[in-house]
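Visitor: Need a 3D model of the sequence below.
(2 chains)
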Amino acid sequence: MTETFQNLYLGFSVALSPLVLLYAFVGCVIGTLVGILPGVGPLAGISLLLPATFGLNATTAIVLLAGIYYGAMYGGSTTSILMRIPGEAASVMTCIDGYAMTRKGRAGAALAVAAVGSYIAGTFSVIGLMLLAPPLATFALRFGPPEYFALLLLGLLVLAYMSGGSMVKSLAMAALGLLLGMIGIDPMTGFFRFHYGVVELGDGIGVVPVAVGLFGLSEILLTAGQASPPAVIKPRLRELLPSRQEWRASVWPIGRGTILGFLIGIIPGSAHIISSFVSYAVERRLSKHPERFGHGAVEGVAGPESANNSATSGAFVPMLALGVPSGPIPAVMLAAMMVHGITPGPLLIRDQPALFWGFIASMYVGNVVLLVLNLPLVGLFVNLLRIPYPLLYPAILVFSIVGVYAVNGSLVDVWIMAAMGALGYLLRKFDFETAPIVLGVVLAPMLEMSFRQSLALSSGQYGIFVNRPIAATMLGVGLALLLLSLRPVFARGADWRRYLGLQQKPDLGQEGKP
Amino acid sequence: MLLAGVLAATAILVALAGGESLPLQSLEWPEKWHALAILVGCIFAALALERLGYRLTVAMLLAFVLWFIERKPPAVVALVTAGLSLGTFYLFSSLLKVPLPLGALGF
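Guide: Modelled structure (predicted):
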């Protein structure tokens, strides 16, 4: 314990040096901007700025990139709340209730709750990262491909279970996402699948164009042409502070989100995305008034926002302690550290204490910077809403196009975005949820890889998923969720059949199912 | 092949007969022309981005959206078009060092 504090002292002496402090600040500012620009998520932002850090030393470079990462996590929630455009994928859940709150005139409160929740979650999860890294790392070490597969599958089932509408619809969307994620080069054999002659599809379908298309573009398509475009909500400054009731409602979701997010963050996968989905599901299930979710429940903002920030820190545990990136963003940061001649892994903490503890300390500093930066600036961000929509949406359109294009410098991504925008528009017209598609696209490569590695391990025996206790438990929980969600179908059976009888074409009655 | 055939047949059946179901008929499409026009704009952008260059494409896209779809006054159209196309280019190309296409005309 004393050793930890000594190390932390060393860390703060690094992090509070003016130069490192400056870079942490710059990183947070850029990160917030990156998060706000739709389509330029943390992944794109970090990748774009990677070349800019080559001139810095290793500590400042990693501090700058980490600042961008968690700055973007916050900034992403701002556009989610104000415009229903997730600046990055983890804010998808914030869109639902955050935007509903905006429509009810509580935009300021939603932003403030998100900022405070992010701050608390960020700070506590860094403490967690600092204290629990070694034992948790050994736990994650026991995860083999079968466990990853079971975990990813569980993630998808949890998502389908939590979504408000029918589970069948959600699973159908998730399956569509998984299929889209299959496009590209087979990771095991190098076979080029589903490319239809388009060479650029070899890298697969990126998450950014899909997310921007489904959430950004389809929103523009839905809103722009409405006979009377929705009145632009102009929150008053007095409304920036959440009411006492809203604070009370968000305390527990923030606490649960922090713990949940951190634990999920440690597990490799797109942790910050899954954690926000899971947190939303948990809050919805625990709530005494689940019907309020989707209509501006403050818990639906506080929980996921805390969880995704907490997961951001959690995601660094396997990266720093094991050298295993837990998602695409840590993977880019791992590459950045390699460029600077540092190999993350168990030896990093011993060999480079100044870097490791300086990084930890800079995360504390970064969280304070973000809170200080974001609470007063909330008013500034709110000003975005004062721009009339007919002027605002062409600007969003331009940012979406340039953001999607900039990730890979590929026109195919712009095409994908346009197609996904049209698809998202139609699906939302038909009352489908589009979030599972995005998750499916993200998870498909990991799911496939772990599934096939498992089968390679067991030389084709499917028993490997049931014989290993961790994997079997997670699959069991997933199955239980599936069965639980089926219950209303059986309970409503009689009613449902009568409904069928009223249909003109009984054999196609499921179309008319409410 | 058999499976694909059965699936396709079911899909066609659902698509044709499902159109008569009540929830679908109750859907209204007041914004379809707007949505279509904006999509056409996106397709134009995807086609033109590497041929005309970023600034020209975005300027034309914005002019199309603001003038043709939103029918804004010419001064507003000109201001927003010029500001956004040049501003975002400066932000991304000069400040963030993202290579944006220049096109045949050098814009």
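
Visitor: Check chain B for the residue nearest chain A and tell me.
Guide: As assessed by Cβ to the nearest Cβ, chain A sits closest to B:His34 within chain B, at 2.3 Å. Placement of C-beta: from N, CA and C, glycine included.

Visitor: residue boundaries of the helices in chain B?
Guide: Here chain B has its helices, by DSSP state H, at B:2-18, B:22-25, B:32-52, B:54-63, B:74-89.

Visitor: Over the last one, what's the mean pLDDT, rounded is fine.
Guide: So that's helix B:74-89. Mean pLDDT, helix B:74-89: 82.

Visitor: and the angle for that helix with helix B:54-63?
Guide: 150 degrees (axes from the mean of the first three to the mean of the last three Cα atoms, to 10 degrees).

Visitor: What residues sit buried inside helix B:74-89?
Guide: By neighbour count on 16 or more other Cβ atoms under 10 Å in any protein chain shown, the buried set for helix B:74-89 is B:77-78, B:80-81, B:84-85, B:88-89.

Visitor: can you list these in a markdown table and add distance to chain A?
Guide: Formatted as a markdown table, the buried residues of helix B:74-89 follow (distance: Cβ to the nearest Cβ, whole Å):
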| residue | distance to chain A |
| --- | --- |
| B:Val77 | 10 |
| B:Ala78 | 13 |
| B:Val80 | 6 |
| B:Thr81 | 9 |
| B:Leu84 | 6 |
| B:Ser85 | 8 |
| B:Thr88 | 6 |
| B:Phe89 | 8 |
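
Visitor: Just name the closest of the residues you listed to A:Val282, please.
Guide: Nearest to A:Val282 among those is B:Thr88, at 39.3 Å by Cβ to Cβ.

Visitor: got a list of what that closest one touches?
Guide: Listed by Cβ atoms under 8 Å, 6 or more residues apart in numbering or on different chains, the contact partners of B:Thr88 are A:398-399, A:402, B:58.

Visitor: Please identify the most buried of the helices of chain B.
Guide: Across the helices of chain B, averaging neighbours per residue (mean count of other Cβ atoms under 10 Å in any protein chain shown) puts helix B:54-63 on top, at a mean of 23.

Visitor: same question for that helix, mean pLDDT?
Guide: 83.

Visitor: elements contacting it?
Guide: Other helices and strands packing on helix B:54-63, by 3 or more Cβ pairs under 8 Å, 6 or more residues apart in numbering or on different chains; DSSP states H and E, are helix A:389-408, helix B:32-52, helix B:74-89.

Visitor: and it, how far out from the chain's middle?
Guide: Here helix B:54-63 is found 12 Å from its chain centre; the criterion is Cα atoms, centre = their mean, to the nearest Å.

Visitor: what's the angle from that helix to helix A:389-408?
Guide: With the same axes, to 10 degrees defining the directions, helix B:54-63 sits at 150 degrees from helix A:389-408.

Visitor: how about the helices and strands packed on helix B:54-63, which one is nearest A:Val369?
Guide: When these are compared by Cβ to Cβ, helix A:389-408 sits nearest A:Val369, at 24.4 Å.

Visitor: For the helix or strand just after the closest one, list the C-alpha coordinates in CSV.
Guide: Downstream of helix A:389-408, the next assigned helix or strand under DSSP states H and E is helix A:411-429. Provided in CSV are the C-alpha atoms of helix A:411-429 (Å, rounded to 0.1, in the frame of the first residue of the first chain):
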residue,chain,number,x,y,z
LEU,A,411,-14.7,6.7,-50.8
VAL,A,412,-16.2,3.3,-50.2
ASP,A,413,-16.8,4.4,-46.6
VAL,A,414,-18.8,7.4,-47.9
TRP,A,415,-20.9,4.9,-50.0
ILE,A,416,-21.4,2.7,-47.0
MET,A,417,-22.5,5.6,-45.0
ALA,A,418,-25.0,6.7,-47.6
ALA,A,419,-26.4,3.1,-47.9
MET,A,420,-26.5,2.8,-44.1
GLY,A,421,-28.3,6.1,-43.9
ALA,A,422,-31.0,4.9,-46.3
LEU,A,423,-31.2,1.6,-44.4
GLY,A,424,-31.4,3.2,-41.0
TYR,A,425,-34.1,5.6,-42.3
LEU,A,426,-36.3,2.7,-43.5
LEU,A,427,-35.6,0.6,-40.4
ARG,A,428,-36.5,3.4,-38.1
LYS,A,429,-39.6,4.0,-40.1
